[in-house]
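Chemist: Fold the stuff below for me.
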Amino acid sequence: MRAIVAVTSNWAIGCKGNLLISNKADMQHFVQHTKDGTVIMGRTTLESFPGANPLPKRRNIVLTHDTNWSCKGAEVVHSVSEALTAASTDNPDKVWCIGGMSVYEQLLRYCDEVIVTMHDIIVPADAYFPNLDEDPHWMITASSEKFNTPSDISFRFVTYKQV
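Modeler: Model (predicted):
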């Protein structure tokens, strides 16, 4: 399994259920990597999508503690072990953990790789991704050149591998 995430300089990922940076290039990058694969996410992440609909052209697995919650077009699981079992027959290179914060925290140990869109900015936030630069179990294996969003926020794509 792999994870994909967009962060700010201090590893923030969201505020009040919303992404922090509007970045079309990052969204295209996300689609390019996850399309035709399996995405594992929390209920709040799914509900933040337009129309609270599952992502098209992907198998959507939603992890929630709410046993009464359901969503057409998504598979609902209630534990990490259920999520891992559900995705166990899929190609691990096409299984993606996509958030939010608690799902990243629970599934990161099962990920071999994390693709990070690192934005060079700090903004108010209430949700964070673990700082992989401070974790000796992760190392950078690739880093793109820097790009800029239309609002002039520089960013780059960084790949981390678990060692």
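
Chemist: give me phi/psi at the closest residue to G17 other than its chain neighbours?
Modeler: Sequence neighbours aside, S48 is the residue nearest to G17 in space, at 5.4 Å (criterion: Cβ to Cβ, 6 or more residues apart in numbering). For every residue, glycine as well, the C-beta is placed using N, CA and C. Backbone geometry at S48, expressed as degrees, to the nearest 10, gives phi -80, psi -10.

Chemist: Quick one: residues contacting S48.
Modeler: 17-19 (Cβ atoms under 8 Å, 6 or more residues apart in numbering).

Chemist: Rebuild those residues as JSON lines, extending it with neighbour count, secondary structure and distance to P54.
Modeler: Listed next are those as JSON lines, based on neighbours: other Cβ atoms under 10 Å; DSSP: H, G, I helix; E, B strand; the rest coil; distance: Cβ to Cβ, whole Å:
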{"residue": "G17", "neighbour count": "12", "secondary structure": "coil", "distance to P54": "17"}
{"residue": "N18", "neighbour count": "10", "secondary structure": "strand", "distance to P54": "19"}
{"residue": "L19", "neighbour count": "15", "secondary structure": "strand", "distance to P54": "18"}
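
Chemist: Just name the closest of the residues you listed to G42, please.
Modeler: Nearest to G42 out of those is G17 (Cβ to Cβ; 10.7 Å).

Chemist: Would you agree the closest one is in contact with T44?
Modeler: Yes: counting by Cβ atoms under 8 Å, G17 touches T44, with 6.0 Å between them.

Chemist: Report how many residues lie close to H65.
Modeler: H65 is flanked by 10 other residues according to other Cβ atoms under 10 Å.

Chemist: out of everything not next to it in sequence, what's closest to it?
Modeler: Excluding its sequence neighbours, the residue lying closest to H65 (Cβ to Cβ, 6+ apart) is H78, at 6.4 Å.
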